[in-house]
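Colleague: Could you look at this predicted model? Sequence included:
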Amino acid sequence: MTEARILAYLDHLPDGVTELYAHPAMGGDGRPQSYPSFEEYRGLVSPAVRDKVAALGLHPLTFKAAFPA
């Protein structure tokens, strides 16, 4: 789930709630545990992704907030 992939998906979201599933991971020393995990982390914290989410009027929230018990 890289920055480029997230940006592309944002252009095609259906109406309603959409879950973005990722496994970002950093080691205990703050370094990436593996290349794919670090790329997912970078995509999730990307200023370009944040800007596009805002431009599209999307409202990120946690799963618990979307579907309270």
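Modeller: The structure has been received and is ready for your questions. Predicted, not measured: the structure shown is a model, and the values here were computed from it. Numbering: from 1, shown residues only.

Colleague: Show me which positions of the helix or strand of the chain with the lowest mean pLDDT end up buried.
Modeller: When the helices and strands of the chain are scored by mean pLDDT, DSSP states H and E, helix 35-44 comes last with a mean of 81. By neighbour count with 16 or more other Cβ atoms under 10 Å, helix 35-44 contains the buried residues 37, 38, 39, 40, 41, 43, 44. All C-beta spots, glycine's among them, are computed from the backbone N, C-alpha and C.

Colleague: Pipe these into CSV and attach distance to residue 60 per row.
Modeller: Output for the buried residues of helix 35-44, formatted as CSV (distance: Cβ to Cβ, whole Å):
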residue, distance to residue 60
37, 20
38, 21
39, 19
40, 16
41, 16
43, 13
44, 10
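
Colleague: which one of these is nearest residue 21?
Modeller: Distance to residue 21, by Cβ to Cβ, is smallest for residue 40 among the buried residues of helix 35-44, at 9.9 Å.

Colleague: that older thread, only alpha carbons, please: show the least confident helix or strand of the chain as CSV.
Modeller: Extracted C-alpha coordinates of helix 35-44, given in CSV (Å, rounded to 0.1, in the frame of the first residue of the first chain):
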residue,chain,number,x,y,z
TYR,A,35,10.9,-2.4,2.8
PRO,A,36,7.2,-3.1,2.1
SER,A,37,6.2,-2.2,5.7
PHE,A,38,8.1,1.1,5.6
GLU,A,39,6.6,2.0,2.2
GLU,A,40,3.1,1.4,3.7
TYR,A,41,4.1,3.7,6.6
ARG,A,42,5.3,6.4,4.2
GLY,A,43,2.1,6.1,2.2
LEU,A,44,-0.1,6.5,5.3
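
Colleague: Identify all contacting residues around that helix.
Modeller: With contacts defined as Cβ atoms under 8 Å, 6 or more residues apart in numbering, helix 35-44 is touched by 1-6, 22-26, 32, 49.
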